[in-house]
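>>> My questions concern the predicted model and sequence given below.
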Amino acid sequence: MGQRSGELPPDWREQMVEMIRGAAPVRGDWFAGGPVCSPEEQIGIYVQQYRLRLYDALLDEVPGLAALLQGDDEEAGERLLRRYLADHPPSSWTLNRIADALPGWLAEQPGVGAHLVEMALLDRAVQEGFDAAEGRPIQPAELATMPRLQLQPHVRLLRLRHNVHSLRSAALSRRPLPGLQAADFPLVVFRRGRKMRHWVVPLPAWGILQGIAAGRGVPEAIEDVFARGLVDAEHLTDEIGTWFRDFSERSLVQLAAPPGEP
């Protein structure tokens, strides 16, 4: 350090962290420099190492998006992600949440395709679900009384307009990426054991899960998809049992906590 420790402000450690993460101006007078670098270059080494670490951590959180950006224009993709880090330096002690603001930020950037925003949403859903808790699985017999349900903490619902889930699976399996397709993909992201899965479900089934996520009872959630014209009465009667059996087998739902309990 350029000054004696007694002359530094009491919060110099906190200020150093702010300098390194880019949230405060660099104080070159705090460093002594050396035979091969100036004080500014000395602190710049710490800043550069920190930025490299941030970028690597971000890539770890968004493997699907990274694969798409690499396929389009790797240099442009890197510039885009580094601009995000400059706009959203992490404020948490953990880097696991470094990509939380990325989907919203991407949606505001000119020239960024909707499929990139959707991939960022899918990457975030996978990361959130992986870290989430696991409630008690519900047994199929318990569904007979139409109990009040809630989604398992690891479940995320996405209504995608592109097949980014297929592209992500191919990228993580190191297979050639399929072509980008535009369609309606009601997606459920969930955890089985220690692995995250995705499941494209019929839109009415997805709508029921959406209603449960919004706090509706099962009858109300079913009535809602019927009222929205997502399913006719005959189809609903034929499929409703299969849908709820699938929800149970995949551990997507659990019994809702009694009023007053989390």
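Everything's here; your move.

>>> What segments of the chain are strands?
All strands of the chain, identified by DSSP state E, fall at 149-151, 156-162, 182-192, 195-200, 253-255.

>>> Just the terminal-to-terminal distance for stretch 170-179.
With C-alpha to C-alpha, to the nearest Å applied, stretch 170-179 spans 11 Å between its terminal residues.

>>> before we move on, the earlier item: I'd like the strands of the chain laid out as JSON lines, including distance to residue 100.
(Glycine included, C-beta is placed from N, CA and C.) JSON lines is the format used below for these (distance: least, C-beta to C-beta, whole Å):
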{"stretch": "strand 149-151", "distance to residue 100": "20"}
{"stretch": "strand 156-162", "distance to residue 100": "13"}
{"stretch": "strand 182-192", "distance to residue 100": "16"}
{"stretch": "strand 195-200", "distance to residue 100": "17"}
{"stretch": "strand 253-255", "distance to residue 100": "25"}
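
>>> closest to residue 212 out of these?
Among those, the nearest to residue 212 by C-beta to C-beta is strand 149-151 (5.2 Å).

>>> Contacts for that closest one next, please.
Identification of contacts with strand 149-151 by C-beta atoms under 8 Å, 6 or more residues apart in numbering yields 138, 157, 209, 212-213, 215, 218, 252-257.

>>> Contact partners for residue 139?
Residue 139 touches residue 248, counting by C-beta under 8 Å, 6+ apart.

>>> Quick check: it vs residue 124, distance?
Residue 139 sits 31 Å away from residue 124, taking C-beta to C-beta, to the nearest Å as the criterion.

>>> Likewise for residue 135?
Going from residue 135 to residue 124 by C-beta to C-beta gives 21 Å.

>>> Neighbour count for the two, which is higher?
residue 124 (22 against 18; other C-beta atoms under 10 Å).

>>> I figured residue 197 hits residue 168, correct?
No: contact between residue 197 and residue 168 fails when scored by C-beta atoms under 8 Å: they sit 11.8 Å apart.

>>> Give the residue from the two that has the larger number of neighbours.
When residue 197 and residue 168 are compared on other C-beta under 10 Å, the one with more neighbours turns out to be residue 168, at 22 against 14.

>>> give the contact list for the more buried one.
Contacts of residue 168 (C-beta under 8 Å, 6+ apart): 63, 64, 67, 119, 122, 123.

>>> these two touch, right, the third one and residue 173?
Yep, that's residue 67 we're talking about. No: using C-beta under 8 Å, residue 67 makes no contact with residue 173, being 10.9 Å away.

>>> who's more crowded, these two?
More crowded of residue 67 and residue 173, by other C-beta under 10 Å: residue 67, with 20 against 8.

>>> Tell me which two of the contacts of residue 168 sit farthest apart.
Pairwise distances across the contacts of residue 168 (C-beta to C-beta) peak at 11.7 Å, for the pair 67 and 122.

>>> out of the strands of the chain, nearest to residue 230?
Within those, the stretch nearest residue 230 is strand 182-192; the backing value is 9.8 Å (C-beta to C-beta).

>>> Return the distance of residue 169 relative to residue 155.
Distance of residue 169 to residue 155, computed by C-beta to C-beta: 18 Å.

>>> more neighbours, those two?
Comparing residue 169 with residue 155 by other C-beta under 10 Å, the one with more neighbours is residue 155, at 24 against 16.

>>> distance of the more buried one from residue 135?
Here residue 155 is placed at a distance of 10 Å from residue 135 (C-beta to C-beta).

>>> try residue 78
According to C-beta to C-beta, residue 78 and residue 135 sit 40 Å apart.

>>> Over to residue 128?
Residue 128 is 15 Å from residue 135, by C-beta to C-beta.

>>> Likewise for residue 236?
The gap separating residue 236 from residue 135 is 27 Å, by C-beta to C-beta.

>>> Likewise for residue 126?
Separation of residue 126 from residue 135 (C-beta to C-beta): 19 Å.

>>> for residue 153, same thing?
Taking C-beta to C-beta, one finds residue 153 at 6 Å from residue 135.

>>> Which neighbours do the two have in common?
Joint contacts of residue 153 and residue 135 (C-beta under 8 Å, 6+ apart) do not exist.
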